[in-house]
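Visitor: Whatever this is, show me its structure:
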Amino acid sequence: MMRARHLIAVALLLALPGIAAADIATTQALQQALQRLERIQRSGPPITPATLSGLHSSLRMMTRDQVNPALFQVDSAIFNARLAGLHEQRQQAAAQDRLSSLQHQVQSLTRQHQALQNEYGKLREQLASKTMSGAQTQHLQAEIRQQQQMLQSEEQRLAGLAKQQGAVPGAPASPLTALPSYGRALTVYAQVRAASDGVHVTMPVTSLFGSDTQLSTDGKQRLQAISGILKQTAASEILVRVAPQPLGANVATQRAETILRTLRRNGIPGTVLALATGVGLSPGTAELLLVNASPAP
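Guide: The predicted model follows:
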């Protein structure tokens, strides 16, 4: 079709007067066309073989038709149209490249956004966990410091009582003191004996604890029953003692603190509860020492 149009245009242009030989205008136009093609080849991506072949064909036709300015104009128009098509192809390719690049950027940003959301969620969970853990740790540390101070104070008081009464903590009980009436109720849950420094309520550690510092179910029930009986006493102090453990002194202290907190939760006033050293107790035992408890009627 295009070749037929070219032949028609040539036939029409041949009928125009004044066309005899190549002139300066066609020569300059041809040179400019060559320069434009060279610039396009240097300034952009490679031209496809088919497009480049068409451009070269137009240049050959322009060279051949220099002697006929009318045909030369037709050839030049075809060459310009092919250059315009090449320019449009490059623009479309560049636009497609930019679109692909933007799509990749969007995908990358979406993945980064999702990763940041996941990381943010993890950090929130860690922060909440650390905040809770930190508060619990501070509370436990404060309670441990308080209990340690109470333990030191009660150790000094116990040593003072031993000096005043001529007794050594953990020594055999004196038979001179009768067992109070509530003591007989305590014998259901522990070994009970009265001594000059108070009433000793002794239990095996294994009857209270299922692990290092956690009370067993039986231990909780035992302490709950003992707490109900202790509420009937008039003891000025209830000293909680645990014998040194093979696992270390800290375990003994932690077990004593667990017993003390359980008694307090069971209704024993915190003002009468205190920790005391377990030195002198039989290995594997825990003891409640009721100081100045009322004797049996």
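Visitor: Identify the residues contacting the spatially most central residue of the chain.
Guide: Closest residue to the average C-alpha location of the chain: Lys122 at 3.2 Å, with Cα atoms, centre = their mean. For Lys122, the contact set (Cβ atoms under 8 Å, 6 or more residues apart in numbering) is empty. C-beta coordinates here come from the backbone N, C-alpha and C atoms, glycine included.
Visitor: Quick check: phi and psi at it.
Guide: Taking degrees, to the nearest 10, you get phi -60, psi -40 for the backbone angles of Lys122.
Visitor: pLDDT at Gln149, what is it?
Guide: With respect to pLDDT, Gln149 has a value of 62.
Visitor: Also Pro46?
Guide: What the model reports as pLDDT for Pro46 is 89.
Visitor: where does it land in three-state SS?
Guide: Secondary structure of Pro46, reduced to three states by DSSP: H, G, I helix; E, B strand; the rest coil: coil.
Visitor: what about it, how many neighbours?
Guide: Other residues within reach of Pro46, judged by other Cβ atoms under 10 Å, total 7.
Visitor: Now for Phe72, how many residues are close by?
Guide: Number of residues near Phe72 (other Cβ under 10 Å) recorded here: 25.
Visitor: Secondary structure class of it, three-state.
Guide: The local conformation at Phe72, judged by three-state DSSP, is helix.
Visitor: quick one, what contacts it?
Guide: If you count contacts by Cβ under 8 Å, 6+ apart, then Phe72 has Thr26, Ala29, Leu30, Met62, Asp65, Gln66 around it.
Visitor: and the last one, how far is that from Val188?
Guide: Separation of Gln66 from Val188 (Cβ to Cβ, to the nearest Å): 129 Å.
Visitor: These two: which is more packed in?
Guide: Neighbour tally, Gln66 and Val188, criterion other Cβ under 10 Å: the higher count belongs to Gln66, 18 against 11.
Visitor: coming back round to it: the residue nearest to the centre of the chain and Ala128: what is the separation?
Guide: For Lys122, the distance to Ala128 equals 11 Å [Cβ to Cβ].
Visitor: before we move on, the earlier item: and the pLDDT for the residue nearest to the centre of the chain?
Guide: pLDDT recorded at Lys122 is 82.
Visitor: cool, and Ile238?
Guide: At Ile238, the predicted lDDT confidence score is 93.
Visitor: just checking, what packs against the strand or helix carrying it?
Guide: Counting by DSSP states H and E, the element that carries Ile238 is strand 237-242. With contacts defined as 3 or more Cβ pairs under 8 Å, 6 or more residues apart in numbering; DSSP states H and E, strand 237-242 has these neighbours: helix 69-165, helix 249-265, strand 273-275, strand 285-291.
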